[in-house]
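S.K.: Just to be clear, the model below is a prediction. Sequence and coordinates:
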Amino acid sequence: MPPEQANRKTILYIEDDVVVLTAYRGRLQQAGFDVESSVDGIEAMRILAVRTFDLIILDLVVPRFSGTEILKAIRENPRLQAIPVIVFSSNLEAADRAVAELADKVLVKGHCTVEEILQAVGEALAKGQAR
């Protein structure tokens with residue numbers, strides 16, 4: 001692996017809306033991140049059982065295991081609990097609860113720009129490295 005790729009940060013993006021997932025995954029990849037994705041909660045938990053990531057972007061409304069349940073499972077798992085999690089959801093009520101309890105940051109779909117998401121990713125990664 002070339003040195004520049006060895007230092008690339010890895011992101012797991014959990015999102016069931018394929019259009020949203022494709023658009024933001026592409027922008028994150030353009031910004032230099034390696035992005036793996038999952039469209040449902042069970043698949044996400046299977047991925048997290050065998051891999052760790054530098055950051056997780058999480059929609060709270062995903063099928064087969066809710067984003068809130070995923071977030072709780074991450075925070076209860078000693079191997080995963082230090083990973084920064086950005087909740088990126090249009091469900092404001094669920095997002096507010098998640099941030100208050102467990103998430104590092106919440107962003108509301110439709111109310112933030114791609115640049116704001118990239119900034120939040122950078123800040124969360126910096127915070128995660130400082131832990």
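M.R.: Ah, there it is.

S.K.: which other helices and strands contact the longest helix anywhere in the chain?
M.R.: In the chain, with assignment by DSSP state H, the single longest helix is helix 114-130. Where contact means 3 or more Cβ pairs under 8 Å, 6 or more residues apart in numbering; DSSP states H and E, helix 114-130 is packed against helix 18-30, strand 55-58, strand 85-89, strand 105-108. For glycine as for every other residue, the C-beta is placed from the backbone atoms N, C-alpha and C.

S.K.: I'd like these written out as CSV, with distance to residue 44 added.
M.R.: Below are the helices and strands packed on helix 114-130 laid out as CSV (distance: least, Cβ to Cβ, whole Å):
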stretch, distance to residue 44
helix 18-30, 12
strand 55-58, 8
strand 85-89, 12
strand 105-108, 18
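
S.K.: Among those, which comes closest to residue 67?
M.R.: strand 55-58 (5.0 Å; Cβ to Cβ).

S.K.: hmm, who's touching that closest one?
M.R.: 9-15, 24, 67, 70-71, 74, 83-89, 103, 121, 124-125, 128 (Cβ atoms under 8 Å, 6 or more residues apart in numbering).
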